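Q: Any chance you could fold what I've pasted below:
(chains A, B and C)
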Amino acid sequence: MTAPTSLLTPRRGTTGRHVRNRVATVGIWLALFIVLVPLVAVIGSVIVKGASSLSGNFLTQDINKITNGQKLADAFAKVAGKQSTQDGIKPAIVGTLLITGFATLMAVPLGILGGVYLNEYGGKNHFARVLRFLTEVMTGVPSIVMGLFIFSIVVVKTGFSLGWNVSGFAGSLALGCLMLPVVIRATEEMLKLVPNELREASYALGARKSKTIVSVVLPAAAAGIVSGALLAVARAAGETAPLVFVIGITRTTNTNIFSGGNVALSTEIFRNALSYGSYAAARNRAWGEALVLIVIALTFTLLARLVTAMFTRRRAA
Amino acid sequence: MHPTASQTDIVEPVTIDASSGRVENGIHLEVGDPEIFERDDPTRELVFDLERVQILYSGVAAVTDVNLDIASREVTAFIGPSGCGKTTVLRSLNRMHDTTPGAVVEGKILYHGEDLYGPKVDAAEVRRRIGMVFQKPNPFPKSIYDNVAYGPKINGRKRGDLDDLVEQALTRAALWDEVKDKLKRSALALSGGQQQRLCIARAIAVEPDVILMDEPCSALDPIATARIEDLMIELKREFTIVIVTHNMQQASRVADRTAFFTAELNESGKRMGLLVEYDTTNKIFTQPSDPRTEGYITGRFG
Amino acid sequence: MATIAPERPRSRKLSEGPKPPGRERDRVFRWFTFLAALLVLLILALIFVSTVNQSWDWFSTRGLRAVFSSRWNQKVYPRGTANAGQPIPGSGFGAWALIFGTLYTSFVAILLAVPLSVGIALFTTDVGPRWLRNPVGYVVDLLAVVPSVVFGLWGVFVLATPIRNVYQSVADFFAGVPVLDKIFTGNPLLGTSVMTAGLILAIMITPIITSLTREVLATVPIAQKEGALALGATRWEMIRGAIFPHSRSGIVASVMIGLGRAMGETIAVALVIGAAVRVSPALFSPNNTLAAIIAQNFGEAQGIQRSALIGLGVVLFVITLLVNVMARAVLNRGERRLAAGK
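A: A predicted model of the protein is given here:
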């Protein structure tokens, strides 16, 4: 008679099944660590390299022009062991905030209205289904296509185009088009969660549908909608492709979003990395801008999480 | 059968006496006093008059051939097994079905002699006059005060007299003493029974004529249920009340008249609700004329 | 109880007298919401019409060659002719090589991202310790917060130089192996290449595939999972036998949406792919994509080149639209099936 073995303890390693299970579990954990590597690497690089740029008046000065003289000055500064030149990114910060802000002002109210239509009026009718489907599809339209679209219909002077000049507002339009379907979807998802009993309670008091939506349904879904909108803002603030050929360029702060070229952190990073990559000053500037941009995007994301957390806590209470 | 000015006088709060020691440990024992109904039966002031009402969801009849009338300042109960269409009929009385896509109400529903579904009738006005209390307490996620003030506000009451109105409504719903110190707190923090009384206060605040109650106590414990039943008897002085209930004891305790619905298979094999019998509560519970009613109230089916 | 019984206009007829306010507002509000929803249709239509309008020169002068020619650079008149050095009208600007580059980089990205995404999704639904599931979800979502241009910046300034050595050793390893030596090679072998673009894209699309897959996995009925476990299945067997069959189409759709993202991703790719328009399987050498070449060249483009670049946008729009329509159709069908309880 052999030594008694527990019925409940599988004889490990004796069957391929348990080995395979082990391998799969390890593989899944491995996937997690593989994804963490670039996340840590990218954010780490941006913090380390960006922080060294954030000296002096970096956040409050205009953008320097990259010239051959600049290059020479850089070389001297390097020899002298000093910070190369006083440089700034204020126009890009202002531009990003203004352009994203205007996009939000347009896309969020319209997106909420659109979401209200889909969930409160359209429901399951065929037309609403088509629109819902198109909204989902529209979230997949590449951002560069949105840039070309606004260029073709707002900026360019030929064909059927408004023929305005490049401006921050053109950029806002492009970002707004990207945000719109995202806000519609978020709104609709949140409205779906509002219990129908609340709508009926309001109707039963003699409230009309619009009143019910505005006074009962939307407030009940407000936290979710705000959170969704904030996430959309965070994404939009980092977008480059829709802006790069419709907002033009400026080295000084342009607070007039409707006229004159403008500049955003994202387009500045792109320009510095693509064209001036060999100049230390441009490279430093790009890292500094990247840090500021990530901070902005992260702020909006955390705000969104905060709103959701507050909401769920209140619900639970 | 339609009311005239002279008939209004007859319906006086004589019909009820809530203080006659009906509550014993939250359990009501009596059946309504039969004499009252015998006496005022032919001259009741009618609020609703339903003629051959049929209600369909997406073309399929859920309840058919309902004929009944509901008198002013009485409590009328709809009882019957689930799926018999009692809630469906209740919701047709304040045009709640207008908000459900695919729901169609056929036949005639007269409200004070006027077609409730007439072309010139505004559904919002209908619902202001005919309030509703739902199965699950459904206060808005707002403060207690705002819950009650919501109805008057949307119906154009000025901010100035809202405070009094809120107090009045909460008092009439027997909730004022419990909440007067926390009017600004969220209504969701109240207990289930308090929430349901808040919903009643909210309905009262718009000065309705009728209050429809859809199983208002099914989500509540027996004590909270007893309080709401007492409240119904009290509210009968001022309002016409129609209540849907699963609970036959509840119907016998609070209702003056009772309609018994049931569900049967029609020719095409679909379940369909129908009204079996409608009479004074006393009659329904003591000498029902239809064997199906008898079967239900004696617990043989349903 | 107090008997406050205010006067009620009981006898007033329903159809007479003042109505609750807001009847008109109701109708106006409904119209506003409808128009806002309709805006989506309008924008999609306008995108197509306006970009086709602006790229018509390119389509009309090149016909099918616009899409199927792989020659992007224009031919020039030879030396000694009248217009020496001038581009020959009607030549060049074929999109084929760029379509190839787009598909190739996206394919590489998907190949890398899918196992990672599905793995992490499984981690957050079934495999990971409970306390770690939500935090992992947040961390992966954090990847989606990093702007595309920052990934590009990191790729070109940090990753490109050291990774070239890795590519070199891989290329050395595969040298002489038939077929594979055409793929794992570079001519020139550079850090800015198809592989780098694929890597960066994989990082960027992992969050979206993960979160969509999570949603799909969450719909697997617990009963099915427990049923498998109750039969003595190991967790992996449960995943293969209960989870995957139930959610296969949903995962495929999630991957397709990730594919659409990868094909449309512009700025990061523009920075790390180099800039060489060619149909070549070499992973370690520069290439280009539809989106990236637009971003790289649009600033200075004029005339027919600008028209062609907008035309590339139209091609990209159509391709991503098709991919998204298919993916959403699959996802919605799954949802409907779920709603029907089958």
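Q: Now for the residue of the stretch 151-300 of chain B found nearest chain A: which residues touch it?
A: When you check the stretch 151-300 of chain B against chain A by Cβ to the nearest Cβ, the closest residue turns out to be residue B:151, at 3.8 Å. Yep, even glycine has a C-beta here, placed from its N, CA and C like the rest. Counting by Cβ atoms under 8 Å, 6 or more residues apart in numbering or on different chains, residue B:151 makes contact with A:205-207, B:128, B:202-203, B:205-206.
Q: ok but it is inside a helix, no?
A: Yes: per DSSP: H, G, I helix; E, B strand; the rest coil, residue B:151 lies within a helix segment.
Q: in the chain, which residue is closest to the centre?
A: By default, I'm working from chain A. By Cα atoms, centre = their mean, chain A has its centre lying nearest to residue A:235, at 0.6 Å.
Q: that's the wrong chain, I meant chain C
A: Against the mean C-alpha coordinate of chain C, by Cα atoms, centre = their mean, the closest residue is residue C:261 at 0.9 Å.
Q: Give me the distance between the closest residue to that one other than its chain neighbours and chain B.
A: In space, residue C:261 comes closest to residue C:205 once its chain neighbours are excluded; the distance is 5.0 Å by Cβ to Cβ, 6 or more residues apart in numbering or on different chains. Residue C:205 sits at a distance of 38 Å from chain B (criterion: Cβ to the nearest Cβ, to the nearest Å).
Q: my read: residue C:205 touches residue C:109, true?
A: Yes: with contact defined as Cβ atoms under 8 Å, residue C:205 counts as touching residue C:109 (6.1 Å).
Q: Please identify every residue contacting each of the two.
A: Common neighbours of residue C:205 and residue C:109 (criterion: Cβ under 8 Å, 6+ apart): residue C:262.
Q: hmm, back to that, got a list of what the residue nearest to residue C:261 touches?
A: Contacts of residue C:205 by Cβ under 8 Å, 6+ apart are C:109-110, C:113, C:117, C:258-259, C:261-262, C:265.
Q: Also residue C:52?
A: Residue C:52 makes contact with C:59, C:314 under the criterion Cβ under 8 Å, 6+ apart.
Q: Please identify the helix or strand for it.
A: Assigned by DSSP states H and E, residue C:52 belongs to helix C:23-54.
Q: And that helix, what's buried?
A: Neighbour counts using 16 or more other Cβ atoms under 10 Å in any protein chain shown place C:26, C:29-30, C:32-34, C:36-37, C:39-40, C:43-44, C:46-48, C:50-54 of helix C:23-54 among the buried residues.
Q: next one: stretch A:294-303
A: Neighbour count says stretch A:294-303 has A:294, A:296-297, A:300-301, A:303 buried, by 16+ other Cβ under 10 Å.
Q: Could you check that stretch against chain C for contacts?
A: Yes: counting by Cβ under 8 Å from any Cβ of the partner chain, contacts between stretch A:294-303 and chain C involve A:294, A:297-298, A:301.
Q: which non-adjacent residue is nearest residue C:286?
A: The spatial neighbour of residue C:286 that comes closest, neighbours along the chain excluded (Cβ to Cβ, 6+ apart), is residue C:274 at 2.4 Å.
Q: just residue C:254 next, same as before
A: Computed as Cβ to Cβ, 6+ apart, the closest residue to residue C:254 that is not its neighbour in sequence is residue C:212, at 3.6 Å.
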